[in-house]
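Engineer: Have a look; sequence and predicted model below, questions after that.
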Amino acid sequence: MDISGSELDLSGKLLIAMPGMGDPRFEKSVVYICAHSAEGAMGLIINKPSQELRLSDMLEQLQIPRGTGRDIRVHFGGPVEHGRGFVLHSSDYRSNSATTLKVDAQFGLTATLDILDDMARGTGPDNTLLALGYSGWGPGQLEAEIGANGWLTCDASPEIVFAGDDDSKWGRALNVLGVDPLSLSAACGHA
């Protein structure tokens, strides 16, 4: 696979951090890529939940009344724009304000308040992952990191992305590729 050209589109794929990546913010991270083009890439870390912050806290801060919706953990989506919220969700939901990005047939991304209101009332998407911040790459940056053995890629599935056990997502994503996490090395080689 040629990773140097702009024809590579990883939208809707998972990035799996390799050991020895060098950036502790991404250690054992699994990132869902929401958009990827020649201009760069944007994704959300799906396996690093906040230890304290929940949807109910965000609703209270935004003065959105909480109804019958379920309370979920907020995730660290990445180091860019920590105060900005994103909801990665199943494709059964479309925002009333028409601001939902349809990533592929299984996933959508909405970053407007109406989805939080719908989630609070219990009328939001069937499956959701709420994140503050995102992970971003400039033109060619992600391709270079993949070429330097920083990331593996695999197909995304709702069973991994929306799984309640965040600690298992890294290993489960590697298993999609048939890779045993214990066999990974931080060293890379090129033939």
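Structural biologist: Structure received.

Engineer: from here on, contacts and neighbour counts on C-alpha atoms
Structural biologist: Fine.

Engineer: quick one: the helices in the chain?
Structural biologist: 55-61, 113-121, 141-147, 158-161, 169-176 (DSSP state H).

Engineer: Residues contacting the first one, please?
Structural biologist: Think helix 55-61. The set of residues that contact helix 55-61 without belonging to it, under Cα atoms under 8 Å, 6 or more residues apart in numbering, is 65-66, 71-74, 116, 120, 130.

Engineer: Narrow the residues you listed to just the buried residues.
Structural biologist: Among the contacts of helix 55-61, those classed as buried by 16 or more other Cα atoms under 10 Å are 66, 72-74, 116, 120, 130.

Engineer: Dump those to CSV, plus distance to residue 101 and pLDDT.
Structural biologist: Listed next are those as CSV, based on distance: Cα to Cα, whole Å; pLDDT from 0 to 100:
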residue, distance to residue 101, pLDDT
66, 25, 83
72, 22, 87
73, 22, 92
74, 20, 93
116, 16, 91
120, 21, 92
130, 15, 96
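
Engineer: wait, isn't residue 85 in contact with residue 132?
Structural biologist: Yes - between residue 85 and residue 132 there is a contact at 4.5 Å, judged by Cα atoms under 8 Å.

Engineer: Where does pLDDT dip in the protein?
Structural biologist: Residues of the chain meeting the criterion pLDDT under 70: 1-7, 96-98, 185-191.

Engineer: Please list all residues in contact with the most centrally placed residue in it.
Structural biologist: The centre of the chain sits closest to residue 44, judged by Cα atoms, centre = their mean, with a distance of 2.8 Å. For residue 44, the residues meeting the contact criterion (Cα under 8 Å, 6+ apart) are 31-34, 76-78, 131, 133-135.

Engineer: Please narrow these to those residing in strands.
Structural biologist: Judged by DSSP state E, the contacts of residue 44 include 31-34, 76, 131, 133-135 as members of strands.

Engineer: Let me know the closest of the residues you listed to residue 171.
Structural biologist: Sorting these by distance to residue 171 puts residue 31 at the head of the list, at 13.1 Å, by Cα to Cα.

Engineer: Could you report the neighbour count for that closest one?
Structural biologist: Using other Cα atoms under 10 Å, residue 31 is surrounded by 28 other residues.

Engineer: Surely it touches residue 14?
Structural biologist: Yes - in this structure, residue 31 is within contact of residue 14 by Cα under 8 Å, at 5.5 Å.

Engineer: which one among the ones in strands among the contacts of residue 44 gets closest to residue 125?
Structural biologist: With Cα to Cα as the yardstick, the closest approach to residue 125 among these comes from residue 131, at 14.9 Å.

Engineer: Spit out the contact partners of the closest one.
Structural biologist: Taking Cα under 8 Å, 6+ apart as the definition of contact, the neighbours of residue 131 are 44, 74-77, 85-88.

Engineer: Which residue, other than its chain neighbours, is closest to it?
Structural biologist: For residue 131, the nearest residue in space outside its immediate sequence neighbours is residue 75; the separation is 4.4 Å by Cα to Cα, 6 or more residues apart in numbering.
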